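# Mind looking at a prediction? Sequence and model below.
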Amino acid sequence: MFSFLAEKFQNIFSKFTSSTISEKNIQEAIDEVRLALLDADVQYAIVKNFIKNVKEKALGQKVIESISAGQQFVKIVHDEMTSLLGEEEQEFRLHERPAKVLLCGLQGSGKTTHAAKLALYLKEKKGFKKPCLVACDLARPAAAEQLYTLAIQAGLDCFRIEGERNPLTIAREAISEAPKQMWDLLIFDTAGRLHIDETLMKELSQLKEYVKPQHTVLTLNAATGQDAVRSVSQFTDQIGITGSCLTMLDGSSRGGAAISVVEITKKPILFEGHGERLKEIRPFHPSSMADRILGMGDTINLVRTAQEHIKEEDAKLLQQKLRRAQFTYSDFLHQIHTIKNMGSVKQLLSMFPSIPGLQFDEGDTELESVEAIISSMTLEEKEGLCELTPSRRRRIAQGSGTSVKEVDRLVRTIKEATKFFKQAPKMKQLQKMMGGLWR
């Protein structure tokens, strides 16, 4: 999502060639930072304060020995951006049972989908046994039906009353039914607003007063413009939110809303939705977001994703094989399956720092071709027990629906990798990389 801003910041940082920090070079860089943030639709008052803080910190510091002025300026901008986004990750705590979460927001913010995502996340990560989605959105046609469909997909319960027009009645019945059904988590999906409507806000306020949720979460489409972002401050004033969730972070908007929301609402961002699938939700980490905005990748969430899908014993076994130069096509196929479970290749590679001119659009397609090639091999071929002669390569290409050229490229890749690992003394760098994931 932040490709626009990341490219802007990378260009700014690349021009910072001076070895010393001076008022002149700081002012030049800051002017460009200001324009980048305004172009990204960040609120003017927020940009003004951000620039003021960056300039004061930059001019008030001496360049550290062995670190360039440019690197130090990047750190100052990164630290200030992290501060703007909320400093630290906020733990989402729910102590009561049944726990109750009320979702609110503008129409089109992805609130109904987020309700299912959040319930599934809390079930898998926080130990809730039987969450239930409560359909209190009676304003949008088929909203209750959509929530029910999502609940079925996620393996969750859904409470709705067909024909009922009062959300308070539905909430009351759901809370009453919770002990009988053994629901330990209730997530209330409420009607979205096209704008701040006093009648609808009063209805939401009454619903919150009755439900008494532990969390009232504002869902906000990350592509939302500043006019809508300003209007959501009314949710803080009139309803009293405990935090927000950014949805649709996989979109292509400029990201101004994401940067502005904490400063405007004075409440933390709790979660972010980064894809369409129900499992594509994660806790919001300010430093991770700052990394992405500045084009530094997203190593925090990359490591988290790896920890969820790669077992420590598997990583150690792979490390041993690489050290002994015994990496086979079967091992490669296993790693492909692991990567596919972690998400799309394009999404995973986007977590690495920006590399100008490097595109990842064909990543998933290339993995599928490699998977097909290895799957067309015999067991002996997969384990590297026989030479892949030209006739074998032609057979593999035909069986996998690929070309001999693609098979040759895979063979060459495996051979080069094996040669590298065989020659690398003690594999210190690899050991550090592999071990670092589980410290």
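Perfect, thanks for sending it.

# Using CSV, list the CA coordinates for stretch 205-223.
Presented in CSV, the C-alpha positions along stretch 205-223 are these (Å, rounded to 0.1, in the frame of the first residue of the first chain):
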residue,chain,number,x,y,z
SER,A,205,-24.4,5.1,21.7
GLN,A,206,-27.5,3.3,23.2
LEU,A,207,-26.2,0.0,21.9
LYS,A,208,-22.8,0.5,23.5
GLU,A,209,-24.4,1.6,26.8
TYR,A,210,-26.4,-1.7,26.9
VAL,A,211,-23.7,-4.1,25.7
LYS,A,212,-21.0,-2.6,27.9
PRO,A,213,-18.2,-3.9,25.6
GLN,A,214,-14.6,-4.3,26.8
HIS,A,215,-13.5,-2.8,23.5
THR,A,216,-15.2,-0.5,21.1
VAL,A,217,-13.2,-0.7,17.9
LEU,A,218,-13.4,1.8,15.0
THR,A,219,-12.8,0.1,11.7
LEU,A,220,-11.2,2.5,9.1
ASN,A,221,-10.4,1.8,5.5
ALA,A,222,-6.8,2.7,5.0
ALA,A,223,-7.7,4.3,1.7
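
# Which positions within that stretch qualify as buried?
207-208, 211, 213, 215-223 (16 or more other C-beta atoms under 10 Å). To be clear about C-beta, it is placed using only N, CA and C from the backbone, and glycine gets the same treatment.

# can you give me phi and psi for the residue most central in space within the chain?
For the chain, the residue nearest the mean C-alpha position is H274 (4.5 Å; C-alpha atoms, centre = their mean). Dihedral angles of H274 (phi, psi; degrees, to the nearest 10) stand at phi -120, psi 20.

# Check it and give its pLDDT.
As predicted, H274 sits at a pLDDT of 81.

# same thing with G251?
62.

# Next, the residue of the chain most remote from its centre: secondary structure please.
Distance to the chain centre peaks in the chain at S391, reaching 45.4 Å (criterion: C-alpha atoms, centre = their mean). Three-state assignment for S391 (DSSP: H, G, I helix; E, B strand; the rest coil): helix.

# Just to be sure, which of the buried residues of stretch 205-223 are found in strands?
215-221 (DSSP state E).

# Okay, and A135 sits in which element?
strand 131-136 (DSSP states H and E).

# Same question for S205.
Using DSSP H and E, the element containing S205 is helix 198-211.

# OK, contacts around P390?
V404 (C-beta atoms under 8 Å, 6 or more residues apart in numbering).

# Could you report the neighbour count for E280?
16 (other C-beta atoms under 10 Å).

# Tell me the buried residues in stretch 123-142?
123, 128, 131-139.
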